[in-house]
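Peer 1: Please work out how this folds:
(one chain, ligands or ions: 1)
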Amino acid sequence: MSEPVIELHDAVIMQEQPVLQGVSFTLEKGEFAYLVGRTGSGKSSLLKTLYADLPLQQGVGTVAGFALPKLAPAKIPFLRRRLGIIFQDFQLLSDRTVGENLMFVLNATGWTGKARKQQRISDVLARVGLAAATNRMPHRLSGGEQQRVVIARAMLNEPVLLLADEPTGNLDPEVSDSIMQLFAEINNAGTSILMATHNFQLLEKYPHRVFTCKDGQLLDSGRR
Ligand SMILES: Nc1ncnc2c1ncn2[C@@H]1O[C@H](COP(=O)(O)OP(=O)(O)OP(=O)(O)O)[C@@H](O)[C@H]1O
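Peer 2: Here you go, the predicted model:
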């Protein structure tokens, strides 16, 4: 069997003080899991630890094959290249077209060859149903379309894992549904997904494994 995409053992998730303690879980290749819990319970902090925005100071763990404790700063971009990271607020560069936003990431992650890069941009935009949006400015797109561009951007480097923090937080139910369907397609193609959400309707409608942050611990509620 291939190694898990995420493996944490007895990890402490730290902000200025411990947020979650004794965190142990694995997420297998191709698995989809939700991360739920009240405001301030530690969902974002856990995700930040997984993409090395917060250091893992206690416990052991690997993400996408990178050992998290003592991960050298120079290695962090290589870890992030294996991940797709998606937030609630879209964080597209507002002064560049959709295509330029995606080109920016390809250039920053070492892609070469103009035709190859343009082909990759066309491919990911087609995958999220926005083939015609290359030359549009982000603010001319709806919230749902902007989130699709963010997902396209996250897919550029064929990540093994998508980490999504409230990806439907600003979207109405219908648009949230279409984002979930897109996630399902991405997941079915083999990418693991860990998604923090407050939206329990999505959990009911698209059942997957559920992790709950509660009282400083991470509980594995199993599949709903
Ligand atoms: N940058 C920071 N510096 C210090 N403490 C922080 C920081 N960010 C979050 N915290 C604290 O860490 C704890 C967990 O916050 P976190 O943002 O991980 O929760 P969350 O479950 O994602 O909340 P929400 O659902 O509101 O996004 C909270 O007590 C919060 O105050």
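
Peer 1: So the chain: which segments form each domain?
Peer 2: 1-82+160-224, 89-158 (automatic domain parsing).

Peer 1: mind checking the end-to-end distance for the last one?
Peer 2: This means domain 89-158. 22 Å (C-alpha to C-alpha, to the nearest Å).

Peer 1: ok, the residue nearest the centre of the chain - contacts?
Peer 2: For the chain, Leu163 is the residue whose C-alpha lies nearest the centre (C-alpha atoms, centre = their mean; 2.0 Å). Shown in contact with Leu163 (C-beta atoms under 8 Å, 6 or more residues apart in numbering): Leu47, Leu50, Tyr51, Leu83, Gly84, Ile85, Ile86, Leu194, Met195. Backbone N, C-alpha and C define where each C-beta goes, glycine included.

Peer 1: mind redoing it with 6 Å?
Peer 2: Neighbour list for Leu163: Leu47, Leu50, Tyr51, Leu83, Ile85, Leu194 [criterion: C-beta atoms under 6 Å, 6 or more residues apart in numbering].

Peer 1: ok, and which of those residues reach the ligand?
Peer 2: Applying C-beta under 6 Å from any ligand atom to these, one finds that nothing falls near the ligand.

Peer 1: So which of these sit within strands?
Peer 2: Leu83, Ile85, Leu194 (DSSP state E).

Peer 1: any chance of the domains of the chain in TSV, plus mean pLDDT?
Peer 2: TSV is the format used below for these (pLDDT from 0 to 100):
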stretch	mean pLDDT
domain 1-82+160-224	94
domain 89-158	94
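
Peer 1: Run a quick neighbour tally on Ala131.
Peer 2: Neighbours of Ala131 under the rule other C-beta atoms under 10 Å: 12.

Peer 1: Surely it is in contact with Ile121?
Peer 2: No - judged on C-beta atoms under 6 Å, Ala131 makes no contact with Ile121 at a distance of 10.3 Å.

Peer 1: Tell me the buried residues in the lengthiest helix in the chain?
Peer 2: Ranked by residue count, the top helix of the chain under DSSP state H comes out as helix 173-188. Neighbour counts over helix 173-188 (16 or more other C-beta atoms under 10 Å) mark Val175, Ser176, Asp177, Ser178, Ile179, Met180, Leu182, Phe183, Ile186, Asn187 as buried.

Peer 1: The closest residue to Arg96 other than its chain neighbours and Asp95: what is the separation?
Peer 2: Nearest residue to Arg96 in three dimensions, chain neighbours excluded: Phe104, at 6.8 Å (C-beta to C-beta, 6 or more residues apart in numbering). As for Phe104, its distance to Asp95 is 11 Å (criterion: C-beta to C-beta, to the nearest Å).

Peer 1: These two: who's more crowded?
Peer 2: Phe104 (14 against 10).

Peer 1: Which residues of this structure lie near the ligand?
Peer 2: Neighbours of the ligand within the chain, by C-beta under 6 Å from any ligand atom: Gln15, Glu16, Val19, Gly37, Thr39, Gly40, Ser41, Gly42, Lys43, Ser44, Ser45, Cys213.

Peer 1: give me that answer again for 8 Å
Peer 2: Within reach of the ligand by C-beta under 8 Å from any ligand atom, the chain has these residues: 13, 15-17, 19, 37-48, 165-166, 196, 198, 213.
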